[in-house]
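Asks: take a look and give me a structure for this.
(2 chains)
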Amino acid sequence: DTAVSQTPKYLVTQMGNDKSIKCEQNLGHDTMYWYKQDSKKFLKIMFSYNNKELIINETVPNRFSPKSPDKAHLNLHINSLELGDSAVYFCASSPDRDPYNEQFFGPGTRLTVL
Amino acid sequence: AQSVTQLDSQVPVFEEAPVELRCNYSSSVSVYLFWYVQYPNQGLQLLLKYLSGSTLVKGINGFEAEFNKSQTSFHLRKPSVHISDTAEYFCAVSDQAGFQKLVFGTGTRLLVSP
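Replies: Modelled structure (predicted):
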């Protein structure tokens, strides 16, 4: 029933490891997003995909690699994790890439890098 | 480029009192304006948005916001708050041209006490 779901909800790992976060939406939307929310609650877009095509790629280290196997899924893989990667990562979706749309957010994945 | 300023990081208020959460934005192009709410340990959900037309916009849960172009503001108001309104509130803008790319403010924590 969940519109936008993310797994895992919590992720605790050591520096230098590689990890992935998965996101799925069952809303039939064409566009999906990844956001990073830091410890001060500041929310910043990282990537956006429209119909499996990358359309927004902010200044994110290339250790972060998004992958969209189909338009209902957008995964985030992070290589060589660093302490500064600790944050809450949110996935979101919208009907299409038009700027006036509402975005629907997942519950977030709290990543802690030790 | 756009930027959003939410001057109040935290707003304490008593139950049934009115509240205003302030949002100012800066942009060289026309933007759409949004307010999102984040309840504890959840993702964001849309409260309301301004696209065009009447400058007073009504949203869910009794919230409303007024767009003021000359002051580049989009303040959020509620005439009588409930304990359940305790949450983080984010103002965001999106360029009217191109893809949706939300730029968020730093958030205002609304703390409602009995």
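Asks: how about the contacts made by residue A:24?
Replies: Contact analysis of residue A:24 by C-beta atoms under 8 Å, 6 or more residues apart in numbering or on different chains lists A:4-5, A:72-73. In short, each C-beta sits where N, CA and C put it, glycine included.
Asks: now do the SS call for it.
Replies: State at residue A:24, reduced to three classes by DSSP: H, G, I helix; E, B strand; the rest coil: strand.
Asks: cool, the one 3 residues further on as well?
Replies: Assigned with three-state DSSP, residue A:27 falls in the coil class.
Asks: quick check: it vs chain B, distance?
Replies: As for residue A:27, its distance to chain B is 13 Å (criterion: C-beta to the nearest C-beta, to the nearest Å).
Asks: setting aside sequence-adjacent positions, which residue approaches that residue most closely?
Replies: Leaving aside its sequence neighbours, residue A:27 sits nearest to residue A:3 (C-beta to C-beta, 6 or more residues apart in numbering or on different chains; 5.3 Å).
Asks: quick one, phi psi at that neighbour?
Replies: phi -70, psi -50 (degrees, to the nearest 10).
Asks: can you report how many residues neighbour it?
Replies: Neighbour count of residue A:3, defined by other C-beta atoms under 10 Å in any protein chain shown: 14.
Asks: so it makes contact with residue A:23?
Replies: No - between residue A:3 and residue A:23 there is no contact under C-beta atoms under 8 Å: 11.4 Å.
Asks: of the contacts of residue A:24 - the most surrounded one?
Replies: Greatest neighbour count in these, by other C-beta under 10 Å, goes to residue A:4: 22 neighbours.
Asks: so what pairs up with it in the strands?
Replies: Judged by DSSP bridges, the bridge partners of residue A:4 are residue A:25.
Asks: surely it touches residue A:108?
Replies: No - using C-beta under 8 Å, residue A:4 is not in contact with residue A:108, being 10.2 Å away.
Asks: pull up the overlap in contacts between these two.
Replies: Contact criterion C-beta under 8 Å, 6+ apart; residues shared by residue A:4 and residue A:108: residue B:43.
Asks: run a quick neighbour tally on the residue in chain B positioned nearest to chain A.
Replies: Nearest to chain A, among the residues of chain B, is residue B:43, at 3.3 Å (C-beta to the nearest C-beta). Residues near residue B:43, counting by other C-beta under 10 Å, number 22.
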